[in-house]
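# A structural model of the following input is requested.
(3 chains)
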Amino acid sequence: MEIIDKWVAEFLIRCQHNPRVSPTNLLSALRFGDSGDCLKLKVSSVLLDLSDSLTRGSVDEGTLDLLEILEKLLLQQCSVITESHKSAYCWTAAECTLRFMWPLDPLDGLFTDALERIWTKRIGFLKESGSGLVSDELLKWEADLKKAVEDPEMYQRIRESNIRYTAISFLNQLLKEQWGLLGSSSLESVAQRRFRKRKAENNVEGDGVRSREGPNGVDERTGRMETEEEGTMGSQEQKHESSPDKGDKMAARELKDYLLEIQRQIDPSTRQVQEPNDAFDHSVNVTPQPSRVNRTGTSGQDHIETPDNASEKGSSSQGTWSGRVRPRLSSPVPLNVSPLKKTNSPVRRPKKFWTPEEVEALRAGVKEYGKSWKDIKNANPAVFAERTEVDLKDKWRNLVR
DNA sequence: ATAGGGTTAATT
DNA sequence: AATTAACCCTAT
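Numbers count the residues shown, from 1 in each chain, chains lettered A, B, ... in the order given. Modelled structure (predicted):
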C-alpha cells in the first residue's frame, strides 16, 4: 500500500462525515496490515470505530477491545496512557458486567460468567502483560464486583447504579483528547509544507509563476490549514504574510483531487461501468463524473469546499507534483463551472430499466409518503441504491401516465 | 427538494 | 415519424 494511500485514508477518516463513505469499506479497500507503520492512520481508525459505537449507543465488550488496541498503538507511538483512557476502560468494563446483573440473585443469571470472562480472563491478561490500563480504580471495581457475588447488599447497590453514563462520559473525553493529540493529518502536514515551500520559491523568483484564476473569481476558503505540526521545515521562513491564501487554494485543490478520486473508488454509487474512451491504464474503472460526487458538509472543517474552475489543466499546475510520482489513480475531470460552458456532462448515466421490485417499492412509497421522493428513497435505501430522487419522480411520471 | 420541460435511444 | 422509458437540466 502506497504511503499516499495511507495518508489519504487517514485524512478521510479524520475529516469526513459523509455518511455515504463507510469507514469499514475504506479500510478494507486499503487493506493495511499489522506492521508498525502508519500509526496515525491506525489510531485514527480506532478512534473512528469508538466514535461510531458511541453514536450507536453501544458500550460493550467490543469497546473494551478497541480500548486495548488503542493502548497498544499509543505505546508503539511512545505516547502516555491518559487518565481518561484508564477511566474509560474501567467504567466500560464495569458496564459490561452490569449488563448481566438483571436477576435479583447474583447466582441466577450470567453474572458469574461475565465476571469470569471479563475480570478474571480479560483483565487478568492485562495484568500479566503489565498494561497501563490496570488502574487502582479498576482494581477497586474488581474487588467490589467479586465481593458482590456473596454480598447481596453490594450486589443491589451496584445493580442499581448508572454506570453507563459515566462510561460514556469518559469515552467521550478520551475521544476528544485523542483527536486533539493527533493534530494535523499527514496529508495536511505535507500539503502545508509543500505550499509553504512553493510560496518561498515564488517570492524569490518574482511574479511569473502565477497561474491564472478562473473566469469567475473563485471564492474559496480552506479552513484551518495553518495549524502547525512537527517543525520539519524549521528553516523555511515564516515572514510572508502577503498573499496568505494563495498556497492554501492550491493545496486545497490538490487535496480535493485526491479526495474525489478515492471517494469514487470507495463509494459504489459513483462507480460505473468502464468508459470506452478511457485513456488510462489503471486497473480500477472509474467514470469521471465529478458532478455526481456528493459532498456533504465536512462539519466545519472545510478543507475541500472549493468551487472549482476549469483552469487547473495539466500544464498550468506543473510544479504541483514535481519530483513525486503521482499514485496510480487517474486525474479527475476538472469540475467546470465556467459561465461560458454551462453543460459539463461528459457522459450520460447508462440506461437501466426499472425492476418490478423497484416499481413495487415506489408504489408503496408514494402511498405512504406521497411525492416525497427523498423520503421514499430513504425508506428503502437498498432497493433504490441505484436511483436518484429525480429518477423516482421521473418513473412515477411514467407510471401514472 | 421538487416539478416540469428537454434530450437520448430504443421500439413501433 | 411517433411513442416511450430513462435520464438530464434548470427554475422555483
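
# drop to CA atoms for contacts and neighbour counts, all remaining ones
Fine.

# now for A:Leu39, how many residues are close by?
16 (other C-alpha atoms under 10 Å).

# so which helix or strand takes in A:Glu142?
helix A:136-148 (DSSP states H and E).

# got the CA coordinates for that helix in CSV?
This file holds the C-alpha atoms of helix A:136-148, laid out as CSV (Å, rounded to 0.1, in the frame of the first residue of the first chain):
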residue,chain,number,x,y,z
ASP,A,136,-6.4,1.5,41.1
GLU,A,137,-9.9,2.4,40.1
LEU,A,138,-10.1,-0.8,38.1
LEU,A,139,-8.8,-3.0,40.9
LYS,A,140,-11.3,-1.4,43.2
TRP,A,141,-14.1,-2.3,40.8
GLU,A,142,-12.8,-5.8,40.5
ALA,A,143,-12.8,-6.3,44.3
ASP,A,144,-16.3,-4.8,44.6
LEU,A,145,-17.8,-6.9,41.8
LYS,A,146,-16.3,-10.1,43.2
LYS,A,147,-17.5,-9.2,46.6
ALA,A,148,-21.0,-8.7,45.2
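
# what about the following helix or strand past that helix, average pLDDT?
The element immediately downstream of helix A:136-148 (helix or strand, assigned by DSSP H and E) is helix A:152-159. For helix A:152-159, the mean per-residue pLDDT is 89.

# who touches helix A:152-159?
Residues from elsewhere that reach helix A:152-159 (C-alpha atoms under 8 Å, 6 or more residues apart in numbering): A:Leu98, A:Met101, A:Trp102, A:Leu104, A:Asp105, A:Pro106, A:Asp144, A:Leu145, A:Lys147, A:Ala148, A:Val149.

# which parts of it are buried?
A:Tyr155, A:Gln156, A:Ile158, A:Arg159 (16 or more other C-alpha atoms under 10 Å).

# just stretch A:111-131 next, same as before
Those would be A:Phe111, A:Thr112, A:Ala114, A:Leu115, A:Glu116, A:Ile118, A:Trp119, A:Thr120, A:Ile123, A:Leu126, A:Ser131, for stretch A:111-131 by 16+ other C-alpha under 10 Å.

# please put the alpha-carbon coordinates of it into PDB.
Taking Å, rounded to 0.1, in the frame of the first residue of the first chain, the C-alpha atoms of stretch A:111-131 are listed here in PDB:
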ATOM      1  CA  PHE A 111     -23.300 -12.500  36.100                       C
ATOM      2  CA  THR A 112     -20.700 -15.000  37.300                       C
ATOM      3  CA  ASP A 113     -19.900 -15.900  33.700                       C
ATOM      4  CA  ALA A 114     -19.300 -12.300  32.900                       C
ATOM      5  CA  LEU A 115     -17.200 -11.900  35.900                       C
ATOM      6  CA  GLU A 116     -15.000 -14.700  34.900                       C
ATOM      7  CA  ARG A 117     -14.800 -13.700  31.200                       C
ATOM      8  CA  ILE A 118     -14.200 -10.000  31.700                       C
ATOM      9  CA  TRP A 119     -12.400  -9.700  35.100                       C
ATOM     10  CA  THR A 120     -10.600 -12.900  35.500                       C
ATOM     11  CA  LYS A 121      -9.600 -13.600  31.900                       C
ATOM     12  CA  ARG A 122      -9.500 -10.400  30.000                       C
ATOM     13  CA  ILE A 123      -8.300  -8.200  32.800                       C
ATOM     14  CA  GLY A 124      -6.100 -10.900  34.200                       C
ATOM     15  CA  PHE A 125      -4.400 -11.000  30.900                       C
ATOM     16  CA  LEU A 126      -3.900  -7.200  31.000                       C
ATOM     17  CA  LYS A 127      -2.300  -7.600  34.400                       C
ATOM     18  CA  GLU A 128       0.100 -10.200  33.200                       C
ATOM     19  CA  SER A 129       1.200  -8.000  30.300                       C
ATOM     20  CA  GLY A 130       1.700  -5.100  32.600                       C
ATOM     21  CA  SER A 131      -0.900  -2.900  30.800                       C
END
